[in-house]
Structures are given as structure tokens and as C-alpha cells.
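> When you get a sec, could you give me coordinates for this:
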Amino acid sequence: MSVGSHPVSVTVSGACGSVTKNATLTVQENTSATAPADQTVCQGVTASFSTTASGTNIHYAWTLDGSSYNGDSSSISVPTGSLSVGNHPVTVTVSGTCGTVTNRATLTVQANTATTKPNDQSTCQGATASFSTTASGTGPFSFVWKQGATVLNNGDLGGRVTITNGSTTSTLTISNVQPGDAGTYTVATTGSCGTASQSASLSVNSTGPVIVLKTFHGQHHGEDGEGDEDEDNDGPPNVLWPPNHKYHKIKVKNFVASASDSCDSNVNVNSVVIDKVTSDEAENAPGSGNTLNDIVIACDRKSVKLRAERIAGGNGRVYTITFKVTNQFGVSSTATVKVYVPRNEDSQTVIDDGPHYTVTTPTCP
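The predicted model follows:
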């Protein structure tokens, strides 16, 4: 029988007439309600549940995690900021004159994206710097690294950038760090529940190695060798005399007192080599004697032979020796000294006319 009013009548008849009486049968609808839909939200987002009920004299009773929640309403809003991550049962009981219906749903609260901070880095020029972050929350995760406002990708900075991503971790590696790499690096990690950003700073020690030269006062004469033999002197022979065309052997230790590097403890005076030697007079210049190979750098670059000669009647000859030291990261420093062949033995002034020729290649057997 359908819901609604149905007329009922009864007729009583007898020998002395008939009597008809009428009544109404009202059929009420049984209580029914739709099930609320399951909800999955990020922690802190408000979840909403609702049901559509039918019946007579309907009332609603909601529970969350087994406890009564909200009032007599067909829908509820649930803030999830204080709820733990995971599943929370939600029930709604709809009661009416013609029965009670209970339906259930599940509220799933997902963790928001969070990340660890990469460590600040202080490294030496030429070394490698690495920054890492680990994500937690609800994946999958994606990572974007920036140098300042510039997005970094594999192969950037001339091929020195490498980015390695895992399911929850990301590492930025910069090889052969240069002074221009110093600054702030940021990683933005995006998951199913938001984006988290972290920053770290990179400072670069670019001072490089230091060469300390010996100090001495006045002009020290280097003693000439016999013929093409060279003299092995420990002192700083900054003046070659007499100008007899003979070689003088100049060693690194004649002029270099020490070498050091804050980034490489292995740098010392033994690490220093002769990088190049220049002369402000041409080889075999007119009036200097008929000789060649005035500058001979040793194969190990630890010494150089300089010929004691200059143009007769000129303003003296100046040899410039450039010493060089390189640390383990490939960063180099140089220092220069000058060795003089004066015009006269008592000459106090030798004019440097600038490099006329340069020798950079050692002579090896």
C-alpha cells in the first residue's frame, strides 16, 4: 500500500435499513537515509559529511571516533587541525516515527608536507658542496632547487650541478665550487598535502694558497758557475755578477720562505714550482754576447738557470721569476721576484723595460 491516506468505509445493513461509516487509514513512510560519502583531506582542512533522509519526524545523531558530534542536523563540518593523521570513523543515525537507520563513513586525514633543513655549507673554492632534504607527509613528492631566484636543473652552472631525487629525499651537488656560487639555496618540496620550503647558505673560501717570499736587504750577488756548470746557492741571489755569460742556478727555496693554504694542509714550500721566467732584454741581443738559452727551467720546475749577461751600455737586465703553487682543488696563487744583471757592479738602479720574451716550458732530458 502506498504511503499516504487511504479511505476506509463500512456499511451495515439490516431489515430496517443500512448504516455507512467512514474512516481514514494513513500509511507513513519508513525512515530511510543515504550514506555519507567517505572523505580524504589534508590535516587542517575542514571535511564535510551529509545525508539525505526521508520519513516522519526525522532526527539526526552524528558521532566522530565514537563520540557524539554536533547537533540534530543533516550535515556536519569537521575541522581536522586537531585530529591525528589516519582514519576516523563517522556515523550518522537517522531516527523517525517509523524506524531508525544508521550509516557509516570514514574520514581519512593525510599528513601535510614537511621537510628537513639542508645544512649550511662553507667550502673551499674548487671543492664540492652538497645540500640535502628529506620529506615527510603524504607523497608522491617533487623537488625544485633554486639558487636565489633561479631554478636549477641538472647540468647547470657549466655542468657542475647534479640533482639526485629519491622517493622522499633530494640532494643538490655543486662540483668545483666557484666564488660566484656563494649565496642562498632553496628547495621547495611539493606533496599531496602542500609545499614546504627550506633554505641554506653557501660560503666559499676563495683566498687560495699563500706564498711567503724571503726578505733580505740590499743586493745579494749570486756567484757564477764555472763554464756552463751552475752554482747551488741557498741565499737569495737577486743580482748576478759579473756579466760573464755564465749560468746561475736559482732555486725555489732561494726566494720562497713558505707556502700554505687554509683549504689544503699539504701545501708547503715543496709544493711551489717555477711557472715562468721573463727577461726585459732579448736573448742574444746586440752587445750581450753570442749566447743562447739564457733561461733554462729545470724539468721538475724547482730551479732555473739564468745567464749573467746584459747589453753593454744598456740600463741593465731584469729577469722576472714567477713562482706558483696549486692546492688540491686546483686553485693557484703566484708570487714574483726579480733578478738583476746591472750595467756596472756598483750600479744601484736597474730599469725594468718590461718582458721582452718569456720561457714557460722546462727543459727535460
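> what's stretch 134-148 in contact with?
42, 110-116, 131, 133, 151-152, 163, 165, 167-170, 172, 181, 183-194, 196 (Cβ atoms under 8 Å, 6 or more residues apart in numbering). The way it works is simple: take the backbone N, C-alpha and C, and place the C-beta from them, glycine included.
> Of the residues you listed, which belong to strands?
Filtering the contacts of stretch 134-148 for membership in strands, criterion DSSP state E, returns 42, 110, 114-115, 131, 133, 151, 163, 165, 169-170, 172, 183-191, 194, 196.
> buried subset of these?
42, 110, 115, 131, 133, 163, 169-170, 172, 185-191, 194, 196 (16 or more other Cβ atoms under 10 Å).
> care to break the protein down by domain?
32-110, 127-202, 210-359 (automatic domain parsing).
> now the helices for the stretch 101-250 of the chain?
Taking DSSP state H, counting those that start in this stretch, the helices of the stretch 101-250 of the chain run over residues 156-159.
> pLDDT weak spots in the chain?
216-236 (pLDDT under 70).
> What number of neighbouring residues does residue 15 come out with?
4 (other Cβ atoms under 10 Å).
> separation between it and residue 21?
Distance of residue 15 to residue 21, given as Cβ to Cβ, to the nearest Å: 19 Å.
> now do residue 328
115 Å.
> More neighbours: which of these two?
Between residue 328 and residue 21, counting by other Cβ under 10 Å, residue 328 is the more crowded of the two (14 against 9).
> Excluding chain neighbours, what is closest to that one?
residue 264 (4.7 Å; Cβ to Cβ, 6 or more residues apart in numbering).
> what sits against the one you found?
124, 209, 327-329.
> Residue 250 contacts residue 338, doesn't it?
No - the pair residue 250 / residue 338 is not scored as a contact, 11.2 Å apart, by Cβ atoms under 8 Å.
> who's more crowded, these two?
A direct count of neighbours by other Cβ under 10 Å for residue 250 and residue 338 places residue 250 higher, at 27 against 13.
> For that one, which residues count as its bridge partners?
Judged by DSSP bridges, the bridge partners of residue 250 are residue 304.
> ok, it to residue 21 distance?
141 Å.
> cool, residue 353 as well?
Taken as Cβ to Cβ, the span from residue 353 to residue 21 is 142 Å.
> Please apply the same query to residue 84.
In terms of Cβ to Cβ, residue 84 sits 66 Å off from residue 21.
> Repeat that for residue 241.
Separation of residue 241 from residue 21 (Cβ to Cβ): 153 Å.
> Who does residue 95 form a beta bridge with?
residue 59, residue 100.
> Burial check on it, number of neighbours?
19.
> Next: the one 4 residues further on.
The local packing of residue 99 (other Cβ under 10 Å) involves 13 other residues.
> One more: residue 87?
12.
> That one reaches residue 108, doesn't it?
Yes - shown here, residue 87 and residue 108 form a contact pair, counting by Cβ under 8 Å, at 5.4 Å.
> What number of residues are in the vicinity of the nearest residue to residue 44 once chain neighbours are set aside?
What sits nearest to residue 44 in space, not counting adjacent residues and going by Cβ to Cβ, 6+ apart, is residue 81, at 4.6 Å. Neighbours of residue 81 under the rule other Cβ under 10 Å: 9.
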